[in-house]
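A.B. asks: compute the structure for the input listed below.
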Amino acid sequence: YSKQSWLCDKEDCLIDLLALCSNESEKKLLIDLLNDFSFLDLKLLNYYLGLIADFIVNESGFKEETTQISAITYDDEADSSQKILDHLKMPIFKTGWSNVKTVNRFGAIPRNFNAGKKQIIFVDEFVGSGKTILSRIKQLKNDIGNEFELKLCFVAGMEHGLKSIEKLGYEVFCPLRFPKGISDRYVGEELKFAEDTMLELELKLAENVNDHQLLDYSFGYNKAEALYSLESCSGNTPNSVFPIFWWPRDKKNNQRNTLLTRFEKGLK
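C.D. replies: Presented below is the predicted three-dimensional model:
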């Protein structure tokens, strides 16, 4: 509680989580992971948004009149990238750009590109494996060719996912970079034991919830092993987080009193 004060408001959820454990090893693993958890509040979020705004205006090398700042939203469902884009408008304005083009949907980028906005900045809250971003970059090239400049800004992300983007030569600004919760924490026999312990914990969860299969989210989506949430700012816990903290039903299909909440269609 002294390090993770947000747990004080979730004591009943924490007790239920630990009650799920069959032995001390499972309890210890969960406590160790929670000790490393990053649960952002509004003050921290605003601080990191300020850093991103400063990068865009003062360090990116892009010009206001030729830049478009875009969410990565592809369909008509609201998502975190649109939320971050909206949150960024005020700090960007205060930092010096009063007339920059913002784009709420990925599909609108080509029209703005043809109008001269050839410097593109993708924004989102969190990057897990990086596969979604890589697919957007591939689609962008298909839509407008290669005659563009691209930089990317995220509040937080997994180091391995961010590196997969940077390997393509794109600059990424992300103030919060995380290692994998288990794979980058333990080595040797300790690593194998921790992985087996987490698998035992996941066996206590429902194998599927409607059309969602637990196997797809094991250790976090694409095995991201994330320990991060923006839930305290009305955010949505990423599916990259270990499902033991947010998967809604146990193996008897009873509703769980989860420590974190993940909104996803049909996942309840």
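A.B. asks: let me know the secondary structure of the closest residue to I244 other than its chain neighbours.
C.D. replies: Excluding the flanking residues, the one nearest I244 by CB to CB, 6 or more residues apart in numbering is L201, at 5.0 Å. Any C-beta I mention is one placed from the backbone N, CA and C, and that applies to glycine too. Per DSSP: H, G, I helix; E, B strand; the rest coil, the local secondary structure of L201 is helix.
A.B. asks: isn't L201 up against L17?
C.D. replies: No. With contacts counted by CB atoms under 8 Å, L201 stays clear of L17, the gap being 9.5 Å.
A.B. asks: more neighbours: which of those two?
C.D. replies: Taking other CB atoms under 10 Å, L201 and L17 do not tie; L17 has more neighbours (22 against 19).
A.B. asks: just the element for that one, please.
C.D. replies: helix 11-19 (DSSP states H and E).
A.B. asks: can you point out the buried residues in that helix?
C.D. replies: Buried residues in helix 11-19, counted by 16 or more other CB atoms under 10 Å: C13, L14, L17.
A.B. asks: which residues sit against the next helix or strand after it?
C.D. replies: Once the chain leaves helix 11-19, the next helix or strand it forms, by DSSP H and E, is helix 24-35. In this structure, residues lying in contact with helix 24-35 by CB atoms under 8 Å, 6 or more residues apart in numbering are 3-4, 7, 17-18, 20-21, 181-182, 185, 193-194, 197-198, 200-201, 227, 242, 244.
A.B. asks: mind saving the C-alpha coords of the helix or strand containing H87 as PDB?
C.D. replies: Element membership for H87 (DSSP H and E) is helix 80-95. C-alpha atoms of helix 80-95 as PDB (Å, rounded to 0.1, in the frame of the first residue of the first chain):
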ATOM      1  CA  SER A  80      -7.600   5.100 -26.600                       C
ATOM      2  CA  SER A  81      -5.700   6.800 -29.400                       C
ATOM      3  CA  GLN A  82      -8.600   9.200 -30.000                       C
ATOM      4  CA  LYS A  83      -8.700   9.900 -26.300                       C
ATOM      5  CA  ILE A  84      -5.000  10.700 -26.200                       C
ATOM      6  CA  LEU A  85      -5.300  12.900 -29.300                       C
ATOM      7  CA  ASP A  86      -8.000  14.900 -27.600                       C
ATOM      8  CA  HIS A  87      -6.100  15.200 -24.400                       C
ATOM      9  CA  LEU A  88      -3.000  16.400 -26.300                       C
ATOM     10  CA  LYS A  89      -4.700  19.400 -28.000                       C
ATOM     11  CA  MET A  90      -4.500  21.600 -25.000                       C
ATOM     12  CA  PRO A  91      -0.800  21.000 -24.000                       C
ATOM     13  CA  ILE A  92       0.200  21.300 -27.700                       C
ATOM     14  CA  PHE A  93      -1.700  24.600 -27.900                       C
ATOM     15  CA  LYS A  94       0.000  25.900 -24.700                       C
ATOM     16  CA  THR A  95       3.400  24.800 -26.000                       C
END
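A.B. asks: if we can go back for a sec, selecting buried members of the contacts of helix 24-35 in PyMOL, what would you type?
C.D. replies: Here is the PyMOL selection string for the buried members of those, based on 16+ other CB under 10 Å:
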select buried, resi 17+21+181+182+185+194+197+198+201+227+242+244
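A.B. asks: helix, strand, or coil at I52?
C.D. replies: helix.
A.B. asks: I meant to write S98 there.
C.D. replies: coil.
A.B. asks: would you map the strands across this structure?
C.D. replies: 38-39, 67-71, 101-103, 119-127, 149-158, 171-173, 176-178, 208-209, 212-213, 228-229 (DSSP state E).
A.B. asks: so which of those strands gets nearest L45?
C.D. replies: strand 149-158 (7.1 Å; CB to CB).
A.B. asks: against which helices or strands is the closest one packed?
C.D. replies: Counting contacts by 3 or more CB pairs under 8 Å, 6 or more residues apart in numbering; DSSP states H and E, strand 149-158 is packed against helix 42-54, strand 119-127, helix 131-144, strand 171-173, strand 176-178.
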